[in-house]
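**Student:** Make a model of this:
(2 chains)
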Number of protein chains: 2
Amino acid sequence: MTRNPTLLCCVYPEQKVIALSSISNPIRLGVAGLGRAFALSAPAIHAHPGVNLVAGAEPNSEHRRSFETTFGAKTYADVRDLVTDPDVEAVYVSTPHGLHKEHALAAINAGKSVLIEKPMTVSLEDASSLIEAAKKAGVQIIVGPSHSFDGPVKLAEALIAEGKIGRVRMIHALYATDFLYRPRTAAELSTDLGGGVVFSQAVHQIDLVRRLAAVPAQRVTARTGGAWDADRPTEGAYSMLIDFSEGVYASLTYSGYAHFDGDRLMENTAELGIPKSDEFKSARKILESVQDESEFKSSRGFSSLETCPQAQTHEHFGQVFVFGDRGDLRLTPNGVEITDTNGPEFYPAPFRTARAEVFDTLYAAVREQTTPLQDGKWGRASLEICHALLTSSETGDTVTLNYQEG
Amino acid sequence: MTRNPTLLCCVYPEQKVIALSSISNPIRLGVAGLGRAFALSAPAIHAHPGVNLVAGAEPNSEHRRSFETTFGAKTYADVRDLVTDPDVEAVYVSTPHGLHKEHALAAINAGKSVLIEKPMTVSLEDASSLIEAAKKAGVQIIVGPSHSFDGPVKLAEALIAEGKIGRVRMIHALYATDFLYRPRTAAELSTDLGGGVVFSQAVHQIDLVRRLAAVPAQRVTARTGGAWDADRPTEGAYSMLIDFSEGVYASLTYSGYAHFDGDRLMENTAELGIPKSDEFKSARKILESVQDESEFKSSRGFSSLETCPQAQTHEHFGQVFVFGDRGDLRLTPNGVEITDTNGPEFYPAPFRTARAEVFDTLYAAVREQTTPLQDGKWGRASLEICHALLTSSETGDTVTLNYQEG
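**Tutor:** Numbers count the residues shown, from 1 in each chain, chains lettered A, B, ... in the order given. Prediction:
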């Protein structure tokens, strides 16, 4: 694989454009965790002229060796050694959710900016402590990748800001997947440890809906499905109403128990931007053939760039509509469709690699000191909505939010 | 147009089958209101061997003349004369929402069973008084047509009862239309008079979701969009969470302000079961060319069977998913798709005419004294959810329901 350093950053209206072709000083990135999360981002990092992988940390020696071979970079068994490596300038925290706080804090305290996989932490207190620590250390937090970075979401935000659909009034999001039946570690099936669809999946939908609403969320009313399968005792589905300021409201529904393939509503394109065949695959059936699920999951960590998913379109997170006064907006894996009184019009979102926008943002934050949209406070705000989702479903009440402004 | 008396009622598992071919004594039906609502049902009534139109009442003399000519039936200017006509055995109340109570009560007090267009009344008190009166008079109330009668909904109910998707857990419904920009009378744009999308459209979605849930609703949390267009000052959109018993919950979203055509999610088939062309039509633009909107609306009443919409598939009310333990169910204009671990399977719903199921139900209720699912208490329960929708949106609180059980 070779990079194409002449690629230019996508030009979105009213947003800062970085001429990637002019980058002479890429960020020296260290990766904490070489598991599945990193494998999903590796192609984008490799292709991005603004980022160089210089080190990785991972307890699994096989994934370490694959990383060394692929990137010619050093590895550590322990994250503490990675974050204090003077060659490492910024750290991508892609360890399991329950370890984000410890690993991000170690990096921040070593004076490194961090890109933290969503959710940034499991508890709100931990999120606050990271924000505080980053402020003291003068470093940046970026929470991602999440689907709020997807090219079509970014384009939609810009088109809405331009006034293409008038005032945003109502947002609707629906996704149905087999998330709960993909191979999982025990932690991924424990809500307390940040498992289940609320911390892993709702956070995506919340993130992208917040970006499209562009005003602060205020209250949450939600119901979860948590007891549909006693063998996998965590939340697997939810419906949620979010009240935003200015009367905007959003309805978000997700099932990770689904048999129906929600990608059929998205031009038969998988969440990771890969066209699907018509052949039906049942995650439940595949899972039945797996002997040791946790071991199988861990085998899906990084092994080579060739075996990483190769997106052919932008990633997506299912059906999303934004209803405005003068038009309605719909996301597709390739861009944005806006229907107004003249009918539907499609706006393609320029595509380099999936997740390119995440590393554009990292580069701009670290090299140009721009404050990313998805900073620590943003990540905490989305996390607060995850907790509100759980609390509202438990109590039956509407939950008022406290961490949404600024 | 000729009838085909050899048609048989669709056979749904575990449901009563009426052999339509054996009907020798059709119900002598009188119609109160020969406007748009009747025009939409006229083809189904005409085609149904169990119903004979014998009289109509309507202030508009032009519609009266069309009715007389088409059906060789008498007409009255005043509903009171229709309901006391001894030739009239049952009355279809298809007058404006605000008049349902008065007209249905007149028919009931004259000892006639009534088929009342949804919503059965505007206020809950009026609904209760109709239920009480019908009980005293020993006559039946059926509330419909509504999309809960649609063939695919009926088939879905039967397939769910058979256990095809296991236990129902979560329901999701979404529809986007230009409802608010079709020509409207002043009353249709006044919530107090039963106008707006809550009384006209939510009631459909509520009705069909209740039928699919098959357990009583308990609480409602909702938000409406009511101020998006100051020129049409009634609710035009909403999102709603309904808690049902046994932990089932549903998310319902509707926009009648939409530019996006929700029929695109339903195989490009219009709500009334008519395939759509790809040509985009803006209801807002068409409305701009109308001089007197209220007069234009009234001109859309009954004029001939040929000008009534002729369904080619079942009617529908947009995207509907039922998520169950063992499979997920999706409605289409032609039937039901169920996806389980073996993949999607399509179950066609036998089609005679759109709305045939409504008149099957009327026939069975009047001739065979079966209690219809969509009886007075059912209609009041759906109406209560409409009011809860409005109240919850006004107060921001979750509303507990009181009229949902039996």
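
**Student:** ok, the closest residue to A:T400 other than its chain neighbours to A:T391 distance?
**Tutor:** Distances taken as CB to CB, 6 or more residues apart in numbering or on different chains place A:R219 nearest to A:T400, at 5.4 Å, with adjacent residues excluded. C-beta coordinates here come from the backbone N, C-alpha and C atoms, glycine included. With the distance defined as CB to CB, to the nearest Å, A:R219 ends up 12 Å from A:T391.

**Student:** tell me the contacts of the closest residue to chain B within the stretch 151-300 of chain A?
**Tutor:** Per CB to the nearest CB, A:F280 is where the stretch 151-300 of chain A lies closest to chain B, at 3.4 Å. Counting by CB atoms under 8 Å, 6 or more residues apart in numbering or on different chains, A:F280 touches A:D261, B:T339, B:N342, B:G343, B:P344.

**Student:** Specify the local secondary structure of it.
**Tutor:** Using DSSP: H, G, I helix; E, B strand; the rest coil, the structure places A:F280 in coil.

**Student:** Next one: it from A:G318, what distance?
**Tutor:** Distance from A:F280 to A:G318, by CB to CB: 18 Å.

**Student:** distance between stretch A:115-130 and the chain's centre?
**Tutor:** Counting by CA atoms, centre = their mean, to the nearest Å, stretch A:115-130 is centred 13 Å from the centre of its parent chain.

**Student:** Now that stretch: buried residues?
**Tutor:** Neighbour-count burial for stretch A:115-130, with 16 or more other CB atoms under 10 Å in any protein chain shown as criterion, is recorded at A:115-122, A:124, A:126-127, A:129-130.

**Student:** and A:E384, what does it touch?
**Tutor:** A:L124, A:L401, A:N402, A:Y403, A:Q404.

**Student:** host element of it?
**Tutor:** In this structure, A:E384 sits in helix A:376-395 according to DSSP states H and E.

**Student:** Off-centre distance for that helix?
**Tutor:** Relative to the chain's own centre, helix A:376-395 is displaced by 16 Å; criterion: CA atoms, centre = their mean.

**Student:** what's the answer for stretch A:113-130, then?
**Tutor:** 13 Å.

**Student:** Is it correct that A:L130 is in contact with A:G376?
**Tutor:** Yes - here A:L130 lies in contact with A:G376, judged by CB atoms under 8 Å, at a distance of 5.9 Å.

**Student:** where do the contact lists of those two overlap?
**Tutor:** Jointly contacting A:L130 and A:G376 under the rule CB under 8 Å, 6+ apart are A:M120, A:I141.

**Student:** which one of the contacts of A:E384 sits closest to B:V139?
**Tutor:** Set against B:V139, the nearest of the contacts of A:E384 by CB to CB is A:L401 (52.0 Å).

**Student:** May I have the residues that are in contact with the closest one?
**Tutor:** Contact analysis of A:L401 by CB under 8 Å, 6+ apart lists A:A217, A:Q218, A:R219, A:V220, A:A381, A:E384, A:I385, A:A388.

**Student:** Could you check how many residues crowd around the first one?
**Tutor:** If I follow you right, that is A:A217. 25 (other CB atoms under 10 Å in any protein chain shown).

**Student:** So between A:R219 and A:T391, which is more surrounded?
**Tutor:** Shown here are A:R219 and A:T391; by other CB under 10 Å, A:R219 has more neighbours (19 against 14).

**Student:** The more buried one - that's part of a strand, no?
**Tutor:** Yes - judged by three-state DSSP, A:R219 forms part of a strand.

**Student:** partner residues bridging it?
**Tutor:** Note on A:R219: beta-bridge partners A:D243, A:T400, judged by DSSP bridges.

**Student:** Format the contacts of A:F280 as JSON lines; extra columns: secondary structure, distance to B:G273 and neighbour count.
**Tutor:** Shown next, in JSON lines, are the contacts of A:F280 (DSSP: H, G, I helix; E, B strand; the rest coil; distance: CB to CB, whole Å; neighbours: other CB atoms under 10 Å in any protein chain shown):
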{"residue": "A:D261", "secondary structure": "coil", "distance to B:G273": "26", "neighbour count": "21"}
{"residue": "B:T339", "secondary structure": "strand", "distance to B:G273": "24", "neighbour count": "22"}
{"residue": "B:N342", "secondary structure": "coil", "distance to B:G273": "30", "neighbour count": "12"}
{"residue": "B:G343", "secondary structure": "strand", "distance to B:G273": "27", "neighbour count": "14"}
{"residue": "B:P344", "secondary structure": "strand", "distance to B:G273": "22", "neighbour count": "16"}
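
**Student:** pLDDT and distance to B:G225 added to those residues, as CSV?
**Tutor:** As requested, those are arranged in CSV below (pLDDT from 0 to 100; distance: CB to CB, whole Å):
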residue, pLDDT, distance to B:G225
A:D261, 97, 31
B:T339, 98, 32
B:N342, 97, 41
B:G343, 97, 38
B:P344, 97, 34
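
**Student:** Can you name the two of these that sit furthest apart?
**Tutor:** With CB to CB as the measure, no two of the contacts of A:F280 lie farther apart than A:D261 and B:N342, at 13.0 Å.

**Student:** Could you pull up the residues touching the single nearest residue of the stretch 301-406 of chain A relative to chain B?
**Tutor:** Taking CB to the nearest CB, chain B has its nearest neighbour within the stretch 301-406 of chain A at A:G343, 3.4 Å off. Listed by CB under 8 Å, 6+ apart, the contact partners of A:G343 are B:F280, B:S282.

**Student:** which element is A:V336 on?
**Tutor:** Of the helices and strands defined by DSSP H and E, A:V336 is found in strand A:335-340.

**Student:** A:L29 now?
**Tutor:** Secondary structure assigned from DSSP H and E places A:L29 in strand A:27-32.

**Student:** Now do the following helix or strand past that strand and strand A:27-32, the angle between them.
**Tutor:** Per DSSP H and E, strand A:27-32 leads on to helix A:36-47 as the next helix or strand towards the C-terminus. Orientation check (axes from the mean of the first three to the mean of the last three CA atoms, to 10 degrees): helix A:36-47 against strand A:27-32 gives 160 degrees.

**Student:** which helices and strands does helix A:36-47 pack with?
**Tutor:** Applying 3 or more CB pairs under 8 Å, 6 or more residues apart in numbering or on different chains; DSSP states H and E, we find helix A:36-47 packed against strand A:51-57, strand A:90-93, helix A:356-368.

**Student:** Kindly compare burial across those and name the winner.
**Tutor:** Mean neighbours per residue, mean count of other CB atoms under 10 Å in any protein chain shown, is largest over these for strand A:90-93, with a mean of 28.

**Student:** Which SSE is immediately downstream of that one?
**Tutor:** Scanning forward in sequence from strand A:90-93 by DSSP H and E, the next helix or strand is helix A:100-109.

**Student:** after that following helix, next one along is what?
**Tutor:** Counting by DSSP H and E, what follows helix A:100-109 is strand A:113-116.

**Student:** Near chain B, which residues of the stretch 301-406 of chain A? Just list them.
**Tutor:** Contact residues (CB under 8 Å from any CB of the partner chain) of the stretch 301-406 of chain A with chain B: A:321, A:323, A:325-328, A:330, A:339-344, A:396-398.

**Student:** try 10 Å
**Tutor:** When proximity is defined as CB under 10 Å from any CB of the partner chain, the stretch 301-406 of chain A approaches chain B at A:319, A:321-330, A:337-344, A:392-393, A:396-398.

**Student:** Show me where chain A dips below the pLDDT cut-off.
**Tutor:** For chain A, the stretches with pLDDT under 70 are A:1-18, A:406.

**Student:** Return the distance of the helix or strand where A:A127 lies from the chain's centre.
**Tutor:** Element membership for A:A127, per DSSP H and E: helix A:124-137. What separates the centre of helix A:124-137 from the centre of its chain is 20 Å, taken as CA atoms, centre = their mean.
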